[in-house]
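A.B. asks: output the structure for:
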Amino acid sequence: MTDQPSTPSLHKKGMPIHLHVCVIVVSDSRHNQLIATGETDDVSGNLIKKLAKEHGHSVLSLEYVPDEIDQIQGVLKRYGSQNGIDLLIFTGGTGLTTRDVTIEAVTPLLKKTLPGFGELFRKLSFDDIGAAAMLTRALAGIFKDKLIFCLPGSPNAVKLAMEHLILLEAGHILKHIRNL
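C.D. replies: Next comes the predicted model:
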């Protein structure tokens, strides 16, 4: 028997390892808090930043926007037009209230979606929290040559998505997006 690389390792060969990440927190309260005090007690955005850095990625920005479709789309278009950015991670604004519009803002701008992300994320969430996982809205897709993720604002949801899905596959997905 020869020592040959496994099929998954061959499939991932040549993928980018060091990614440039922008984090966008969608939250009226965090945005207003930042404007009023110059600070925010945001946990989820900082958690994404910490986990990305721990995996050797560069976090280029951490930005706060209100739950407004035009502002969410504006951030996506701005970062999507910049060179040197690989990955945009939105957190927050994915719930079921009328103010939760991240999914509605991002979806029409995506070139392609990755439905498997939401499916796997809800499966992992179900294993963790049970039937309440059906309330979870999450999205992944491609905007220009960037990989986009939209996550709930819960720190537990962020940790789950980052550790079990995003950090494991983002480079692999970018390899396919960019035909590397």
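
A.B. asks: what about the nearest residue in space to residue 114 that is not next to it in sequence, helix or strand, and which?
C.D. replies: Spatial nearest neighbour of residue 114, excluding adjacent residues (C-beta to C-beta, 6 or more residues apart in numbering): residue 140 at 4.1 Å. In short, each C-beta sits where N, CA and C put it, glycine included. Counting by DSSP states H and E, the element that carries residue 140 is strand 139-143.

A.B. asks: same question, residue 39
C.D. replies: Using DSSP H and E, residue 39 falls outside every helix and strand.

A.B. asks: with residue 122 instead?
C.D. replies: With DSSP H and E as the test, residue 122 turns up in helix 115-129.

A.B. asks: quick one: strands adjacent to the helix or strand following the strand holding residue 140?
C.D. replies: Next helix or strand after strand 139-143 toward the C-terminus (DSSP H and E): strand 146-151. For strand 146-151, the paired strands and their directions (DSSP bridges) are strand 87-91 (parallel), strand 139-143 (antiparallel).

A.B. asks: which stretches in this protein count as strands?
C.D. replies: Listed from the start of the chain, the chain has strands (DSSP state E) covering 20-26, 58-65, 87-91, 112-113, 139-143, 146-151.

A.B. asks: what angle separates the last one from helix 115-129?
C.D. replies: It refers to strand 146-151. Counting by axes from the mean of the first three to the mean of the last three C-alpha atoms, to 10 degrees, strand 146-151 lies at 30 degrees to helix 115-129.

A.B. asks: quick one: residues in contact with strand 146-151.
C.D. replies: With contact meaning C-beta atoms under 8 Å, 6 or more residues apart in numbering, strand 146-151 is reached by 44, 48, 76, 79-80, 85-94, 102-103, 106, 110, 117, 137-142, 157-158, 161, 166, 170, 173-174, 177.

A.B. asks: can I get the strands of the chain in CSV with mean neighbour count, mean pLDDT and distance to residue 33?
C.D. replies: Written out in CSV, the entries for the strands of the chain read as follows (neighbours: other C-beta atoms under 10 Å; pLDDT from 0 to 100; distance: least, C-beta to C-beta, whole Å):
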stretch, mean neighbour count, mean pLDDT, distance to residue 33
strand 20-26, 24, 98, 11
strand 58-65, 18, 97, 8
strand 87-91, 26, 98, 15
strand 112-113, 12, 98, 32
strand 139-143, 21, 98, 25
strand 146-151, 26, 98, 20
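
A.B. asks: OK, contacts around residue 79?
C.D. replies: By C-beta under 8 Å, 6+ apart, residue 79 lies in contact with 22, 24, 61, 85, 88, 146.

A.B. asks: still on that earlier bit, can you tell me which of the contacts of strand 146-151 are buried?
C.D. replies: Among the contacts of strand 146-151, those classed as buried by 16 or more other C-beta atoms under 10 Å are 44, 48, 76, 79-80, 85-94, 102-103, 106, 110, 117, 137-142, 157-158, 161, 166, 170, 173-174, 177.
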